[in-house]
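Trainee: I'd like to go over a predicted model; first the sequence, then the structure.
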Amino acid sequence: MITVAASFIWVLLIIFSASAIYSLKDIHLDIGKPQTTIAPQNELLVEFPIGIVNNGYYNLNELNISIEIHDPQKTVLAQGYTFIPVIKKDETLNTTDRMTMNLADILQAHQNLILNDTELQINRTVNVKTAGLISLQVSSNLTMAWGAPLYNLTFEKPKFTIQVTPDSTNYVRVTIPTTFENHAFFDLTGTIRVSMYDNRNVVTSTESIVFNEPQQSSYHADLALDVPATGIASNGYFEILFSTPFFSYGPLVIQYGE
């Protein structure tokens, strides 16, 4: 009798497990494409809409959704977690997984993202139990486009033009044609500080230029300095520093003269 009872229990357990596994085909999980907005403190808020339809035979328990965002070098930039204790049979649930990315920290640590468009890797893992017995784990990957705030940053050869004032005090107008494209998720404001040094490493002029470039726009301007004619050496260099609420970049060095 004990043997028969044990066999009967095993048959029931097998049937129960098979029905729990079979019912998984009627469970639908959809994690939508990420939506991005700028949050306070200049953080990037990334939101993933999540839809779950449980048309299976049993409740779902301990649903864990883990999402990680990696750069091309596999460094984790952000992590998000969603936990749902129970999704009842025949229940439909819509929720959102949210995570924030500290843009200042990310861009200072990964300055290649300031200049280069790329694809960020998103890894998603779902763990769930059905019927309180069967555990299931599913993983998937997708990519998210990253737009560089200083994409295709270019400086042309400096130009020197002699200017004559009414009192015959000559000076030189120095201009550096500069272009870049703002491909980022955010509008870009800040200053470009230009300093000119002679061949003895002495500063001969400094100027700060304010810029404001909306998303998906191009910057075209001359970085201009006025230098006393007596302060122009035959050769030297410029240092250019970008300062924004999201990052500082530079100083970049441009040589001039022989």
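Mentor: Yep, it's here. Numbering: from 1, shown residues only.
Trainee: number of nearby residues for the closest residue to Gln108 other than its chain neighbours?
Mentor: Closest residue to Gln108 apart from its sequence neighbours, by Cβ to Cβ, 6 or more residues apart in numbering: Phe247 at 5.9 Å. In short, each C-beta sits where N, CA and C put it, glycine included. Neighbour count of Phe247, defined by other Cβ atoms under 10 Å: 21.
Trainee: correct me, but Phe247 touches Ile114?
Mentor: Yes. Phe247 lies in contact with Ile114 (Cβ atoms under 8 Å); the separation is 6.0 Å.
Trainee: quick one: low-confidence residue ranges for the stretch 1-150 of the chain.
Mentor: Residues of the stretch 1-150 of the chain meeting the criterion pLDDT under 70: 1-26, 56-57, 131-133.
Trainee: quick one: the strands in it?
Mentor: 27-31, 35-39, 43-54, 60-70, 76-87, 91-102, 118-130, 134-146 (DSSP state E, counting those that start in this stretch).
Trainee: counting contacts, what elements does the last one pack onto?
Mentor: Using 3 or more Cβ pairs under 8 Å, 6 or more residues apart in numbering; DSSP states H and E as the contact test, the elements touching strand 134-146 are helix 2-22, strand 118-130.
Trainee: which residues are in contact with both of Phe247 and Ile114?
Mentor: Here Phe247 and Ile114 have 107, 149 as joint contacts, going by Cβ atoms under 8 Å, 6 or more residues apart in numbering.
Trainee: what residues are up against Val172?
Mentor: Contacts for Val172 (Cβ under 8 Å, 6+ apart) come out as 160-163, 226-229, 232.
Trainee: contacts only, for the closest residue to Leu136 other than its chain neighbours.
Mentor: Nearest residue to Leu136, sequence neighbours excluded (Cβ to Cβ, 6+ apart): Val128, at 5.4 Å. By Cβ under 8 Å, 6+ apart, the contact set of Val128 is 60-64, 135-136.
Trainee: most surrounded residue in these?
Mentor: With neighbours taken as other Cβ under 10 Å, the top of the contacts of Val128 is Leu60, carrying 26 neighbours.
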